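Undergrad: Could you look at this predicted model? Sequence included:
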Amino acid sequence: MLYEVAITQLPTKNEAENGVGEKIVLQTKLIPADSENTAGAVAITNVDKEKVALGRLKVYVRPFAENG
């Protein structure tokens with residue numbers, strides 16, 4: 001099955017107080033996988049772990065819906 005996956009990084013408490021919102025780390029990407037959890041795990045492997053705080057990542061996963 002295909003899943004659409006996107007990843008954002010949540011702001012720190014200080015950043016949030018200063019009006020900073022979530023940052024897109026991985027734009028929507030199609031990932032073939034057996035489950036939503038697997039698709040999310042695969043997506044995490046595509047993130048540059050030296051440039052993001054892994055504890056602040058939020059992974060969005062949904063089944064791919066083809067129009068038509």
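TA: Right, received. Where do you want to start? Residues are numbered from 1 along each chain as shown.

Undergrad: Now residue 61: closest residue in space, sequence neighbours ignored.
TA: Nearest non-adjacent residue to residue 61, counting by CB to CB, 6 or more residues apart in numbering: residue 36, 4.5 Å away. Backbone N, C-alpha and C define where each C-beta goes, glycine included.

Undergrad: ok, now which ones touch residue 2?
TA: By CB atoms under 8 Å, 6 or more residues apart in numbering, the contact list for residue 2 reads 30-32, 63-64.

Undergrad: for this structure, what's the longest strand?
TA: strand 23-32 (DSSP state E).

Undergrad: What residues of that one count as buried?
TA: Residues 25-26, 31 are the ones in strand 23-32 that count as buried (16 or more other CB atoms under 10 Å).

Undergrad: next one: stretch 42-56
TA: 43-44, 47, 52.

Undergrad: Next step: those restricted to helices.
TA: 43-44 (DSSP state H).

Undergrad: Just put the buried residues of stretch 42-56 in a markdown table and tack on distance to residue 59 and pLDDT.
TA: Below are the buried residues of stretch 42-56 laid out as a markdown table (distance: CB to CB, whole Å; pLDDT from 0 to 100):
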| residue | distance to residue 59 | pLDDT |
| --- | --- | --- |
| 43 | 6 | 94 |
| 44 | 7 | 93 |
| 47 | 10 | 90 |
| 52 | 12 | 90 |
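
Undergrad: tell me the mean pLDDT for the longest strand of the chain?
TA: The average pLDDT within strand 23-32 is 94.

Undergrad: which stretches of this structure have low pLDDT?
TA: Where the chain drops to pLDDT under 70, the residues are 67-68.

Undergrad: can you do 90?
TA: 46, 48-51, 53-54, 65-68 (pLDDT under 90).

Undergrad: Just give the nearest non-adjacent residue to residue 32, would you?
TA: residue 2 (5.6 Å).

Undergrad: any idea how far residue 65 is from the one you found?
TA: 9 Å (CB to CB, to the nearest Å).

Undergrad: now residue 15
TA: Distance from residue 15 to residue 65, by CB to CB: 33 Å.

Undergrad: I am finished for the moment; much appreciated.
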